[in-house]
Each structure stands twice: as C-alpha cells, then as structure tokens.
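*Asks:* need a 3D model of the sequence below.
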Amino acid sequence: MNDCLFCKIAAGEIPSKKIYEDDTVYVFEDIAPTAPVHYLVIPRQHISKLDEIDESNSAVIAHIYEVIAMLAKQLGLDDGFRVVTNCGEQAGQSVFHIHFHLLAGRPLQWPAG
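*Replies:* Numbering: from 1, shown residues only. The predicted model follows:
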C-alpha cells in the first residue's frame, strides 16, 4: 500500500527506533509509549486488520508470535508482558496495518480501557 504509514516504516522510508527485523517482521518503539517496554510488531506484508487473517497469511502471524516470544526472553520479561491487537475503529485501531503492541515493565491493569 503506497500510503500506509507502517509499510513506509518497515521499508525505511519513515524513521523509527528499530528493535528487530527479519524478512517477515519489523519491530520498533512506539512513539507514544504507555509502558516502559512498548514496541510495535508489524508484518512487512500489508494486512489491514486481524479479521483479514486466513490460510494465505496465517504463517506470518505465527512468526510474529515467535518473534514476540524471542524478544520477551531476550529482554528478560520474566515477570510478564502483554500483547494487544485492535481490530477496527471501535476497538481503537488507528493505523490500518495489523500490528501487535508488546507491553511490559510495569504492572498492567485490566480492563485496559
């Protein structure tokens, strides 16, 4: 998608504080963190929302969770972490490129909002 903010970040067209990248995913610091650890994990492939996951792209989502688990171990998030994905405007999705918030580093409350 030519005008997608996260596609441009993953392509390096818009600067970000990169945490990790491979051929499938890109991880960077959230510009408005709500926890000491607040990273966004995005696929390089454009998938707009969670409800667009199907058999053609589910391996990408599985890989995202593998990367999240790896990062959690590397970061020493032994006390716990949260992964949040919003689907649609009513759920709070503001960028329509699927993304996963990795949150940790403080006690997290529930419900979140």
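*Asks:* residues contacting the longest strand that the chain contains, please?
*Replies:* Secondary structure of the chain per DSSP state E: the longest strand is strand 37-43. The contact list for strand 37-43, computed with C-beta atoms under 8 Å, 6 or more residues apart in numbering, reads 6, 9-10, 19, 24-30, 57, 60-61, 64, 67-68, 71, 75, 77, 81, 97-105. From N, CA and C alone the C-beta is placed, and that goes for glycine too.
*Asks:* rerun that using 6 Å as the cut-off
*Replies:* Applying C-beta atoms under 6 Å, 6 or more residues apart in numbering, the contact partners of strand 37-43 are 6, 19, 25-30, 60, 64, 68, 99-100, 102-105.
*Asks:* repeat that for stretch 44-64.
*Replies:* Residues contacting stretch 44-64 (C-beta under 6 Å, 6+ apart): 1, 4, 7, 10, 24-25, 41, 43, 85, 87, 96-98.
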